[in-house]
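Novice: Next input, structure requested:
(one chain, ligands or ions: 1)
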Amino acid sequence: MGLRAADTYANCIKAATPLPLQDLVVDLRERLRAVCRELDGADPRTHTQKLATYHAWMALPLKPSNVRGPSHVLLRYLELELSRHVLRNIARFCLRAHTLRVETGSWQSHNRICDKCDLHDVQDKKHVLFLCLCLEMCYLRRRFEEQFADFAGRTHIGDTGAFYFDNIGAEDVKLFLLKQTYKSFLFLSETMDIFCRAGNV
Ligand SMILES: [Zn+2]
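Specialist: Numbers count the residues shown, from 1 in each chain. This is a model prediction of the structure:
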């Protein structure tokens, strides 16, 4: 279904003749890209599909749909030596299999607003990474300060060195998540520990 040369493949199967594999590989890759293209420009803060969030903020750029080489590259955390706890946290964060309130709001009765600070902002990836005013996150950002060196507009809490951002663009979220450094993954994991501990729903 959805393949450009679907009839050709069907006829090959009916006639028990070999499939044109090179065409099939490109077709399959094109179909996969089409799923992402449908979500181009979708705002992850308002779109209900998990895939929209992944596409906007997490997904690596797609490779050309040719028959050679991989069409996709694995996110780097899958290749690093990280503990099972950290790996699980990052996978949950990436796949929106977490309990941030943007997610639990789809099956619990609440307004998805962050309950850890008084910003009255939706508690999603953008909020927890950059905007949340809660002290745990502000101090966590301080511990991983070098991960935020590329982003302007931080506000410090007194002279503690802890900080949050007043405003941040959606593209900045993607830039941060595509850093894929060892330390940026540790930061994501500790963020999950703060917001999504087991039973913290
Ligand atoms: Zn907050």
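Novice: Excluding chain neighbours, what is closest to residue 34?
Specialist: Spatial nearest neighbour of residue 34, chain neighbours left out: residue 2 (7.4 Å); criterion: Cβ to Cβ, 6 or more residues apart in numbering. All C-beta spots, glycine's among them, are computed from the backbone N, C-alpha and C.
Novice: hang on, isn't that neighbour packed against residue 31?
Specialist: Yes - at 5.1 Å, residue 2 counts as touching residue 31 under the criterion of Cβ atoms under 8 Å.
Novice: Compare those two and say which one has the larger neighbour count.
Specialist: residue 31 (14 against 10; other Cβ atoms under 10 Å).
Novice: Give the buried residues for the one helix or strand the more buried one maps to.
Specialist: Using DSSP states H and E, residue 31 sits in helix 21-37. By neighbour count on 16 or more other Cβ atoms under 10 Å, the buried set for helix 21-37 is 24, 26-27, 29, 33.
Novice: cool, stretch 187-201 as well?
Specialist: Using 16+ other Cβ under 10 Å as the test for burial, stretch 187-201 gives 187-192, 195-196.
Novice: Stretch 165-183 near the ion anywhere?
Specialist: No - using Cβ under 5 Å from the ion, stretch 165-183 never reaches the ion; the gap is at least 11.9 Å.
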